[in-house]
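Enquirer: my questions are about this predicted structure, shown below with the sequence.
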Amino acid sequence: MVRYLPLVVFLIGLSLFAAACQQDSIQTSSDNEVIIVTRMVGDNSETVEIVVTQLVVQENIVTQVVVEERLVTPTPTPLPTGGEIITASLADIRSLNPVLSNDGASKMVIQQLFLSLLTLDPFSGAITPQLAQDWGVSADGLTYTFTLRPDVTWSDGTPLTAGDVAFTFAAITTPALNSPHLVNFTNINSWQVEDDHTLTVRLNAPDCPTLYAFTTGIVPAHVYDNNPGNISRSGENLAPTVVSGPFLFANYLPGQSIRLIANPTYYLGAPLVSGWQLNIYSNAVQMVNDLLAGQIDYTTVDAEFVARVESAMARGAGVQINKWFVNGFTYLAFNLANPNQPQNGWVDENESGVFTPGAPVQPQEPHPVLGDLAVRQAIAAALNYDELIAQAAYGQGGRVAADISPAIGWAYNDDLIPYTQDVTQAAALLRAAGWVVDSETGTRVKNGAPLALTLTVNAGNEARERLARLIAAQLESLGFIIRVEILPFEEAVLKLRRQTYDMAITGWLDTNPEPDNSSFLSYREDTVGVGFNFASYYNEAVENNLARGRAVPGCAAADRATFYQQNQELIYEDIPFIPLYAPLVNIVWNRGLQNLHPNGWNLLYNVHQWYVER
């Protein structure tokens, strides 16, 4: 930056500058051509050189001075390198091939081995580039063009190209591989490699959620001889030799640990640490013991251990904790249709057993109890939500009003107030609906039939089992008869999908930051035995909003938000289910682990910059 100042102003300004900098450090060189000033900027100091580079003389009088001010950048202190990061999991991996796996433990490792075309912004959840340098979409929303970074190579030195992306897509859509990501590709019509760094993808219809299909890790085509058929039995699935992420695979001991080592060819620079290791635990108590003993650098802990961790912190334990809402919620599901006569929510006009777009809605016989909105309203008013969160979730949860978690801030409807307990209102609603208390039994009856329901929950999930018992007790105090049915997980899921249940405790957890909930709200998913709209819920306005929200050209959040906020209001009124709470994720890390920035969407986004101070 160069400044021209009249002499008088310069001399006065210099004297004022000196006066103003009495608390700063001023040093003048021997020839007075360089003035070095260290000045305070907020709580920090910066060093500036003010260099006199030219004197303009007219009639023996200096009339102008050319001054250049240069910020002196201090030499940064090198960050520590070496050492290994240790984390932990209560589950073992299933596969280290991103095409084949989608479970939490596997994804944690895969994310560090295989880069994806797109990824998630760690703090907003927005789709951002990773292997893609940028992308564009056609005006009709049907064609996406991805331009890949030219500076990424596989760990064996082979360039990573659009051909690898196309191969990965082909593998995901190969039926024999049964990829868990195939469901995300149902709206993808085709893809085409234009050149080494350009790929075009054609959709069947404009569909914003399809973008999440491109967050799956890309695998090296040359390792499989460009043949997806070579994937299923490959040793690469548990011991990958060629990767693109910040770490290389080192070894895997099933049920014990997985170790990775730094990738010196990673395109953002080799990680500061020499390795990363995932230790697998079968006992949560032992995992927390090791965490507090400093043997684990970071991990998430279940809600029941948060109080112990926070108590240890109060006593000076060298750990920190951070919390955020999981993207999802635990809820009380209702069957709105007659469980004795399950039906699809759509008319199978061609008798194929498969939903056809545009199929008419199939009216269904309502549930004899829960088909009445007044009963559902009464249940919503009967529950003590604070007690449920305190006792079932150890206080580690927050209220949700409808079908979208506050984790998706841009789509969440802040105007809705979650249901609150009002036992008097609940009793009045039941009386008005014809359910009166039998003076002899204390239970409610209508036309001689008791107000009896079965509450189904899956075994092995202690929080849900506690919820079921608490809810049963709260409803029984109003005259309900509630039978809690605890089933093995597979049986519980089957009962819900067959639509033969009354009520159930279930949840949608750890999903993409996408507010489109067509998978459990759309009538097309009201398919007996396979669909997730096992409530048999249908609202034409909700259906229309889902369709419009998916098809917004360009998929800008601001343009989509209104459709989902309107749906939350409709669902809030219809009560096809009752959101109980959004669980909190609790991550705990050792104070010696530096540069970890806790976030809800992409914890390992900068893992190559993490370092350990022992």
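Expert: Arrived safely, thanks for sending.

Enquirer: for stretch 520-539, measure first residue to last.
Expert: Using C-alpha to C-alpha, to the nearest Å, the end-to-end distance of stretch 520-539 comes to 12 Å.

Enquirer: same deal with stretch 494-502?
Expert: Terminal-residue distance, stretch 494-502 (C-alpha to C-alpha): 13 Å.

Enquirer: now find how far off-centre it is within its chain.
Expert: The chain centre lies 28 Å from the centre of stretch 494-502; the measure is C-alpha atoms, centre = their mean, to the nearest Å.

Enquirer: flag every buried residue along the longest helix that the chain contains.
Expert: As assigned by DSSP state H, the longest helix anywhere in the chain is helix 557-574. Counting neighbours by 16 or more other C-beta atoms under 10 Å, one finds that the buried residues in helix 557-574 are 557, 560-561, 563-572, 574. For the C-beta atoms, the positions are set from N, CA and C on the backbone; glycine is no exception.

Enquirer: same check, this time on stretch 367-376
Expert: In stretch 367-376, the ones that count as buried by 16+ other C-beta under 10 Å are 367, 369-372, 375-376.

Enquirer: quick one: name whatever helix or strand follows whichever strand or helix holds Thr87.
Expert: When secondary structure is defined by DSSP states H and E, Thr87 falls within strand 84-89. The helix or strand immediately downstream of strand 84-89 is helix 104-113, counting by DSSP H and E.

Enquirer: spit out the contact partners of Pro553.
Expert: For Pro553, the contact set (C-beta atoms under 8 Å, 6 or more residues apart in numbering) comprises 137, 139-141, 206.

Enquirer: likewise for Pro342?
Expert: Residues near Pro342 by C-beta under 8 Å, 6+ apart: 498-500, 528.

Enquirer: please enumerate the strands of the stretch 151-300 of the chain.
Expert: 188-195, 198-203, 247-253, 257-262, 275-280, 298-300 (DSSP state E, counting those that start in this stretch).

Enquirer: switch those strands over to JSON lines; also include mean neighbour count, mean pLDDT and distance to Pro240.
Expert: Conversion of these to JSON lines gives the following (neighbours: other C-beta atoms under 10 Å; pLDDT from 0 to 100; distance: least, C-beta to C-beta, whole Å):
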{"stretch": "strand 188-195", "mean neighbour count": "14", "mean pLDDT": "98", "distance to Pro240": "23"}
{"stretch": "strand 198-203", "mean neighbour count": "19", "mean pLDDT": "98", "distance to Pro240": "22"}
{"stretch": "strand 247-253", "mean neighbour count": "18", "mean pLDDT": "98", "distance to Pro240": "5"}
{"stretch": "strand 257-262", "mean neighbour count": "20", "mean pLDDT": "98", "distance to Pro240": "10"}
{"stretch": "strand 275-280", "mean neighbour count": "20", "mean pLDDT": "98", "distance to Pro240": "15"}
{"stretch": "strand 298-300", "mean neighbour count": "19", "mean pLDDT": "97", "distance to Pro240": "23"}
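
Enquirer: please name whichever of the ones you listed is nearest to Val165.
Expert: strand 198-203 (5.4 Å; C-beta to C-beta).

Enquirer: so which residues make contact with that closest one?
Expert: Residues lying outside strand 198-203 but in contact with it, judged by C-beta under 8 Å, 6+ apart, are 141-148, 162, 165-166, 187-194, 210, 214.

Enquirer: now do 10 Å
Expert: Contact partners of strand 198-203, identified using C-beta atoms under 10 Å, 6 or more residues apart in numbering, comprise 117, 132, 135-138, 140-148, 161-166, 169, 185, 187-194, 210, 213-214.

Enquirer: I'd like to know which of those are buried.
Expert: If you count burial by 16+ other C-beta under 10 Å, the buried members of the contacts of strand 198-203 come out as 117, 132, 135, 137, 141-148, 161-166, 169, 185, 188, 191, 193, 210, 213-214.

Enquirer: what secondary structure does Leu453 sit in?
Expert: Using DSSP: H, G, I helix; E, B strand; the rest coil as the criterion, the local structure at Leu453 reads strand.

Enquirer: doesn't Arg444 make contact with it?
Expert: No: counting by C-beta atoms under 10 Å, no contact exists between Leu453 and Arg444, whose distance comes to 11.3 Å.

Enquirer: what do the two both touch?
Expert: Here Leu453 and Arg444 have 480-481 as joint contacts, going by C-beta under 10 Å, 6+ apart.

Enquirer: how about the strands of the stretch 151-300 of the chain in TSV, adding distance to Ala176?
Expert: TSV is the format used below for the strands of the stretch 151-300 of the chain (distance: least, C-beta to C-beta, whole Å):
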stretch	distance to Ala176
strand 188-195	18
strand 198-203	23
strand 247-253	25
strand 257-262	27
strand 275-280	29
strand 298-300	35
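
Enquirer: to Gly328, which of those lies closest?
Expert: Ranking those by proximity to Gly328 (C-beta to C-beta) places strand 298-300 first, at 14.7 Å.

Enquirer: could you measure the nearest residue to Glu349 once chain neighbours are set aside against Asn350, distance?
Expert: Spatial nearest neighbour of Glu349, chain neighbours left out: Ala359 (6.3 Å); criterion: C-beta to C-beta, 6 or more residues apart in numbering. Separation of Ala359 from Asn350 (C-beta to C-beta, to the nearest Å): 9 Å.

Enquirer: neighbours of Ile408, how many?
Expert: By other C-beta atoms under 10 Å, the residues close to Ile408 number 20.

Enquirer: just Ala433 next, same as before
Expert: Ala433 is surrounded by 18 other residues when neighbours are defined as other C-beta under 10 Å.

Enquirer: what strand or helix carries the nearest residue to it once chain neighbours are set aside?
Expert: With sequence-adjacent residues excluded and distances taken as C-beta to C-beta, 6+ apart, Ala433 is closest to Ala374, at 4.0 Å. When secondary structure is defined using DSSP H and E, the element that contains Ala374 is helix 373-382.

Enquirer: what separates that helix from the chain centre, distance-wise?
Expert: Averaging C-alpha coordinates over helix 373-382 and over its chain gives two centres that are 31 Å apart (C-alpha atoms, centre = their mean).

Enquirer: the inter-axis angle of it versus helix 557-574?
Expert: Computed with axes from the mean of the first three to the mean of the last three C-alpha atoms, to 10 degrees, the direction of helix 373-382 lies at 100 degrees from that of helix 557-574.

Enquirer: which strands and helices sit next to helix 373-382?
Expert: Judged by 3 or more C-beta pairs under 10 Å, 6 or more residues apart in numbering; DSSP states H and E, the packing partners of helix 373-382 are strand 329-334, helix 423-432, helix 462-476, helix 557-574, strand 577-590.

Enquirer: identify whichever of these lies nearest to Pro76.
Expert: For Pro76, the closest of the helices and strands packed on helix 373-382 is strand 577-590, at 24.1 Å, according to C-beta to C-beta.

Enquirer: and the helix or strand just after the helix holding Ala374, what does it pack against?
Expert: If you walk from helix 373-382 toward the C-terminus, the next helix or strand you reach (DSSP H and E) is helix 385-392. If you count contacts as 3+ C-beta pairs under 10 Å, 6+ apart, helix 385-392 packs onto strand 329-334, strand 397-398, helix 462-476, strand 577-590.

Enquirer: follow-up on the earlier one: with just CA atoms, put the helix holding Ala374 into CSV.
Expert: Output of helix 373-382 as CSV, limited to C-alpha atoms (Å, rounded to 0.1, in the frame of the first residue of the first chain):
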residue,chain,number,x,y,z
LEU,A,373,-57.7,-37.7,15.3
ALA,A,374,-59.2,-36.8,18.7
VAL,A,375,-57.6,-39.9,20.2
ARG,A,376,-54.2,-39.0,18.7
GLN,A,377,-54.6,-35.5,20.0
ALA,A,378,-55.3,-36.8,23.5
ILE,A,379,-52.3,-39.0,23.5
ALA,A,380,-50.1,-36.0,22.4
ALA,A,381,-51.5,-34.0,25.3
ALA,A,382,-51.2,-36.9,27.8
